[in-house]
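# I would like the atomic coordinates for the input below:
(one chain, ligands or ions: 1)
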Amino acid sequence: MVINNNNMETYLFLFLALLVLMFFSLGVKWCFIWHGDIFKTHILGCPSVMVSTPELTKDVLVNRAHLFKPTYPLTKETLIGPKALFFHQGDYHAKLKKLVQASFVPNVLKASVCDIERIVRGILPSLENKTINTLKEMKRFAFDVAMLSVFGRTYDVEIEGIKELYHIMEGGYNSMPFKLPGTPFKKAVKARELLNGTMRRVIDKRREGNGYGAGLLGKLLESQDMSKMLSDSQVADNVIGVIFAAHDTTASVLTWILKYLHDSAEVLNAVTVEQEKIRRRLIEDDRDLSWEDFKNMQLTNQVIQETLRTSSIISFTFREAVEDVELEGFLIPKGWKVLPLFRAIHHSEEIYPEHEKFNPSRFEAQPRPNTYLPFGTGGHSCPGSELAKLEMLVLLHHLTNDYRWEVVGEKEGIQYMPFPVPIGGLPLKITHKEEQTN
Ligand code: HEM
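Numbers count the residues shown, from 1 in each chain. I've put the predicted structure just below:
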């Protein structure tokens, strides 16, 4: 395992990974206090309770969610902005969630298929015939899609400015929160302050125009006008928050998909056959991809589902008890952290037999309730799950029809960037199929 992110979250993750490893592989119970399916330990001095069954996870995230508030590292809250929906519970969260969700429902997503396809067509040729860092390229793709869903098609100099500042800022997400000159965190805080100014100019421009424009920003400004519920800084924090939530996650999953398809020639062939059939239909009808085509991508969808399970890039989530809570007869005092372990559920041998195997066909049947949680569950579950799947399907359609890829180097392993990804971000050589046959 390579650690190249010298930050607290990486250590925390590794520490947790070690705990989970001990829990499952070694059966070592003496370093925890056990109670049924719950165990207690300390993470960086905080008393923490881990829950690893579907039932308890549902209890914490759905049934009694009001008793467990989300908690994030200070760096995230400072940089994303304290008014972003992740950090809230209750009315404010519910209203914002509704607004954000409205930008990612199928009716809205349908209209963005052609834009996502345009982004894919722009990126893929630039990857041909050289060794690429897959994670980096997938981040470029997912970032462009995130910007599209937040700002719509309008591209101006301010949006370019936001892109640049955002990249400086994300350098501080996983750093120690020291504001010393030259530190990544200090630079990130500065970039975030400048982002406020740029966002204000973008918002002012939209107010001067006819209507509020497209994307999530348009929706938030529209609601601001109607209900006066949101201030400009609340709008800005949520725009930045969605960009943050949308791209590293999707890029990490895409990187795993390319790895699994590379390692499993049989699955890759079957996906290619499925996608070639769709391509033939598009040629016959003389049109581009549309929403309806995704219904005919059953196997590709199963590959995405299985990758989300095996890679479990969001391995767990953090909550904090807002009062003393009893869970399965175990008292969790107010202020303790509670961590539902999604990865433990996705890798339970009882729920997913031969759990370590990449086997998309296991999703021919629906998973049992609360046993498949790549996008979380309950009030804080992911509003972007359909967008994430859509961008993966569009990319896979073009990639499998037109390209083949080889992993460069022999190294196997996992690296935390900050999500678990194949080592080195998966170096790949991508070639166009036509060149292979010449
Ligand atoms: C494969 C990609 C993705 C994965 C695996 C993923 C996973 C998750 C998970 C597990 C949560 C819940 C966290 C918790 O309960 O503490 C979450 C929340 C969230 N996700 Fe995603 N996500 C992905 C892509 C996206 C995209 C594309 C967007 C863009 C809209 C997005 C926006 C959000 C937001 C705004 C939240 C916070 C929701 C709230 O607190 O109410 N995510 N995501």
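
# mind checking the end-to-end distance for stretch 301-320?
Distance between the two ends of stretch 301-320: 34 Å, counting by Cα to Cα, to the nearest Å.

# is it up against the ligand anywhere?
Yes - using Cβ under 6 Å from any ligand atom, stretch 301-320 reaches the ligand at 313-314, 317. All C-beta atoms are positioned from the backbone trio N, CA, C, and that covers glycine.

# residue contacts, the closest residue to the ligand within the stretch 251-400 of the chain?
Across the stretch 251-400 of the chain, the shortest distance to the ligand (Cβ to the nearest ligand atom) belongs to Gly384, at 2.1 Å. Residues in contact with Gly384, defined by Cβ atoms under 8 Å, 6 or more residues apart in numbering, are 104, 242, 245-246.

# Regarding this structure, what is its longest helix?
As assigned by DSSP state H, the longest helix anywhere in the chain is helix 232-263.

# got a list of contacts for the helix or strand following that helix?
Counting by DSSP states H and E, the element after helix 232-263 in chain order, helix or strand, is helix 265-285. Applying Cβ under 8 Å, 6+ apart, the contact partners of helix 265-285 are 260-262, 288-289, 293, 296-300, 303, 358, 360, 396-397, 400-401.

# What's the local residue count around Ile240?
By other Cβ atoms under 10 Å, the residues close to Ile240 number 23.

# Over to the one 5 residues further on?
Ala245 is flanked by 20 other residues according to other Cβ under 10 Å.

# how much space is there between the closest residue to it other than its chain neighbours and Pro374?
With Cβ to Cβ, 6 or more residues apart in numbering as the criterion, Ala245 has its nearest non-adjacent residue at 6.4 Å, and that residue is Gly384. Here Gly384 is placed at a distance of 12 Å from Pro374 (Cβ to Cβ, to the nearest Å).

# The residue nearest to the spatial centre of the chain - nearest residue in space that isn't next to it in sequence?
In the chain, the centroid-proximal residue (Cα atoms, centre = their mean) is Thr249; its distance is 2.6 Å. Spatially, and ignoring its direct neighbours in sequence, Thr249 is nearest to Ile313 (6.4 Å; Cβ to Cβ, 6+ apart).

# if we can go back for a sec, look up how far Ile43 lies from the residue of the stretch 251-400 of the chain closest to the ligand.
Plainly put, Gly384 is 27 Å away from Ile43 if you go by Cβ to Cβ.

# One more: Glu222?
Glu222 is 42 Å from Ile43, where distance means Cβ to Cβ.

# Also Leu282?
Per Cβ to Cβ, Leu282 is found 50 Å from Ile43.

# do the same with Gln101
Gln101 sits 31 Å away from Ile43, going by Cβ to Cβ.

# got it, and Glu208?
The gap separating Glu208 from Ile43 is 49 Å, by Cβ to Cβ.

# Which of these two has more residues huddled nearby?
The neighbour comparison of Glu208 against Ile43 (other Cβ under 10 Å) goes to Ile43, with 16 against 6.

# tell me the pLDDT at the more buried one?
On the pLDDT scale, Ile43 is placed at 76.

# Please apply the same query to Phe294.
97.

# So it sits against Glu391, correct?
No - using Cβ atoms under 8 Å, Phe294 makes no contact with Glu391, being 11.3 Å away.

# Spell out which parts of the stretch 301-438 of the chain neighbour the ligand.
313-314, 317, 374-376, 380-384, 387-388.

# now the helices for the stretch 51-200 of the chain?
Using DSSP state H, counting those that start in this stretch, the helices of the stretch 51-200 of the chain run over 54-58, 74-80, 90-102, 106-110, 113-123, 134-151, 157-170, 184-208.

# List the contacts of the third one.
Okay, so that is helix 90-102. So helix 90-102 is contacted by 66, 85, 88, 108, 216, 219-220, 223, 229-230, 238, 242, 379-380, 383 (Cβ under 8 Å, 6+ apart).

# for the residues you listed, which one is nearest the ligand?
Nearest to the ligand among those is His380, at 3.8 Å by Cβ to the nearest ligand atom.
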